[in-house]
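Trainee: What would the 3D arrangement of this be:
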Amino acid sequence: MTKRTRDPIDTHVGQRLRLRRTMAGMSQERLGDSIGVSFQMVQKYERGDCRVGASRLMKISSALGVPVDFFFEGFTGAVPAGLSVAEEKKALDDKVFQTKESIDLLKAYYSLPESVRKHVLAMIKGLDKDSDGGKDKPSS
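Mentor: Numbers count the residues shown, from 1 in each chain. I've put the predicted structure just below:
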């Protein structure tokens with residue numbers, strides 16, 4: 001029997017699932033209990049090893065307090081053709097969203113009032129431009 005190749009959509013949904021579960025401070029076991037599966041199955045969903053069915057995704061979204069479309073946000077499919085090696089190296093690595101540091105940063109950012117968040121974001125974008133020798137980076 002051959003091993004199934006992970007579908008990029010399943011992998012993305014799993015990464016978003018892990019991000020939201022971690023941000024909510026929920027264990028895999030607790031999530032599994034609330035949706036009627038084992039924590040091992042939650043692990044498989046998060047890795048993209050197992051595809052999450054529509055009814056299960058509805059249960060997960062309810063348990064984590066997010067709409068179903070949250071799990072698809074940011075999915076762009078395959079890397080567009082024509083990117084240079086330098087552009088590919090600069091592309092955001094999805095795994096950055098799975099680090100404790102990133103999750104702590106997001107929690108802290110979203111705990112700020114919206115007006116303050118706008119200023120923080122502008123400041124960070126300004127720092128990014130400064131680190132590029134004053135050259136503006138193309139907007140995405």
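Trainee: Contacts only, for residue 23.
Mentor: With contact set as C-beta atoms under 8 Å, 6 or more residues apart in numbering, residue 23 has these partners: 103, 106, 107. The C-beta positions use only the backbone N, C-alpha and C, and glycine is treated the same way.
Trainee: tell me the pLDDT at it?
Mentor: Note for residue 23: predicted pLDDT of 87.
Trainee: For it, which phi and psi angles does the backbone take?
Mentor: According to degrees, to the nearest 10, the main-chain angles of residue 23 amount to phi -60, psi -30.
Trainee: State the distance from it to residue 102.
Mentor: Residue 23 is 10 Å from residue 102, where distance means C-beta to C-beta, to the nearest Å.
Trainee: Same check on residue 34?
Mentor: Between residue 34 and residue 102 the distance, using C-beta to C-beta, works out to 25 Å.
Trainee: How many residues are close by residue 16?
Mentor: 21 (other C-beta atoms under 10 Å).
Trainee: doesn't residue 71 make contact with it?
Mentor: Yes: in this structure, residue 16 sits in contact with residue 71. The criterion is C-beta atoms under 8 Å, and the distance is 4.6 Å.
Trainee: Can you pull the residues that touch both of these two?
Mentor: Counting by C-beta under 8 Å, 6+ apart, residue 16 and residue 71 have no shared contacts at all.
Trainee: And the residue nearest the centre of the chain, what's its pLDDT?
Mentor: The centroid of the chain falls nearest to residue 16 when counting by C-alpha atoms, centre = their mean (4.1 Å). What the model reports as pLDDT for residue 16 is 92.
Trainee: secondary structure element for it?
Mentor: Using DSSP states H and E, the secondary-structure element containing residue 16 is helix 8-23.
Trainee: same for the next helix or strand after that helix, what does it pack against?
Mentor: Heading C-terminal from helix 8-23, the first helix or strand you meet, by DSSP H and E, is helix 28-35. Applying 3 or more C-beta pairs under 8 Å, 6 or more residues apart in numbering; DSSP states H and E, one finds that helix 28-35 makes contact with helix 39-47, helix 54-64.
Trainee: Would you mind putting the ones you listed into CSV with mean neighbour count and mean pLDDT alongside?
Mentor: Listed next are these as CSV, based on neighbours: other C-beta atoms under 10 Å; pLDDT from 0 to 100:
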stretch, mean neighbour count, mean pLDDT
helix 39-47, 18, 95
helix 54-64, 16, 96
